[in-house]
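Colleague: Predicted coordinates and the sequence they were generated for:
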Amino acid sequence: MTRILIAEDEEALLEVFAEVVESLGYRAIRAHNGDQALMLARAETPDLVVSDHMMPRRTGMELLRAMRADPALLAVPFLLLSAARPTGREEADLFLAKPVDLAAFEEAIISTLRARPPMAAPVVVEMKPAGTAPKTPALAREEVLTWVAHELKTPLASARLNAQMLLRKVEKRGADDEVRSSEAVLRQLDRMNHLITSILDASRLSEGKVELRPIREDLAHFLQDLIQEWRELEPGMEFLLVGAAEPVLLPFDSERVRQVLNNLLSNAVKYGAAGRRVEIGLSLHPGLADIHVRDWGAGIPAGVLPTVFDRFRRADDDPAQGHGLGLYIASSLAKLHGGSLSAKSVMGQGSTFHFRLPLGHRSVF
């Protein structure tokens, strides 16, 4: 039987991971820390290792590198999980951010076992000698931030996976009231996760800890795919795409640009619901690509408009509408790209946000 070694220091999360693995027909081997996981792997070579990163005695990255340095374990696929984004995570076969979606977790296990790609050469890790210089305040703050992410997201991950498994069970029974209750729990857990992620993103951005990974690609095609996703997500809304017929090539971090535009589109859907129409457009100006997102909603008061990109600032006073970090994060990510984010609005006529990105050489082809 296929053996999957699971390394997780949170007992509740370890058990739900093991339950998912066993429900797929595999044997689950449990380890409560990195050292125990390495010992179990050496005693009985697993077919796959699923490991949290932040664990006592040996982190997930340290476990991965110890296995890659062991000829007997070099070829074992490794799935790394973490609420943070540990340095070197690309060395794993696959990385999933916590809280992990149930279906994504199952697909990751199945696809990793199926693929079994050839492993890279062992990574040699140089140990720092004793008596190294004390950590800088900035490094200490980053470690505290990572610790907060782990402490908050790990129990959240366990609750979300359990809620998803519960939803599957009640759906099979056909209990509509229980299905609705389970779905409501999942929505609130997702809301909590979004809030935690936004707080962490805002903190990293304010301290200059976010690194972009720009790749030169077609912005017009990127927008076409994004709008199609939103049409499927919100079938009751009309999404118009203008000015994106010709390819526009420039360097950008697609994950972060998607984060910016998802925030703008989400706000347009939320605050422009009366119009049931959202427009996203692409235009070129000297040295810049300008992406605009327009809605036909109530608009933003003139007195609020200059501060909409400040932290914890909302266009209205309803806390249920959001935490006031989305536009701050979007603006910071735009600046990190060397671009900008601005807004104009007329009460009763809606709002338009302009996300500008710098063009590289030979941007249009």
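Modeller: In hand now; what should we look at? Numbers count the residues shown, from 1 in each chain.
Colleague: Can you show me the strands along this protein?
Modeller: Secondary structure of the chain (DSSP state E): strands at 3-7, 27-31, 48-52, 78-82, 94-97, 215-218, 238-242, 249-252, 277-285, 288-295, 340-346, 350-358.
Colleague: Just put those in a markdown table and tack on mean pLDDT and mean neighbour count.
Modeller: For every residue, glycine as well, the C-beta is placed using N, CA and C. What follows is those, written out as a markdown table (pLDDT from 0 to 100; neighbours: other Cβ atoms under 10 Å):
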| stretch | mean pLDDT | mean neighbour count |
| --- | --- | --- |
| strand 3-7 | 91 | 25 |
| strand 27-31 | 90 | 19 |
| strand 48-52 | 91 | 27 |
| strand 78-82 | 89 | 25 |
| strand 94-97 | 87 | 18 |
| strand 215-218 | 92 | 12 |
| strand 238-242 | 93 | 15 |
| strand 249-252 | 92 | 20 |
| strand 277-285 | 93 | 18 |
| strand 288-295 | 94 | 22 |
| strand 340-346 | 92 | 17 |
| strand 350-358 | 93 | 22 |
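Colleague: right, and those strands - which one's nearest residue 206?
Modeller: Set against residue 206 and scored by Cβ to Cβ, those come closest in strand 340-346, at 16.1 Å.
Colleague: about what we covered before: for the strands of the chain, could you give me a markdown table that also reports distance to residue 62?
Modeller: Formatted as a markdown table, the strands of the chain follow (distance: least, Cβ to Cβ, whole Å):
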| stretch | distance to residue 62 |
| --- | --- |
| strand 3-7 | 11 |
| strand 27-31 | 13 |
| strand 48-52 | 10 |
| strand 78-82 | 11 |
| strand 94-97 | 15 |
| strand 215-218 | 30 |
| strand 238-242 | 46 |
| strand 249-252 | 34 |
| strand 277-285 | 44 |
| strand 288-295 | 42 |
| strand 340-346 | 39 |
| strand 350-358 | 38 |
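Colleague: if we compare those strands, which one ends up closest to residue 192?
Modeller: strand 94-97 (14.8 Å).
Colleague: To residue 191, which of the strands of the chain lies closest?
Modeller: strand 94-97 (16.8 Å).
Colleague: ok, residue 17 - how many residues close by?
Modeller: By other Cβ atoms under 10 Å, the residues close to residue 17 number 26.
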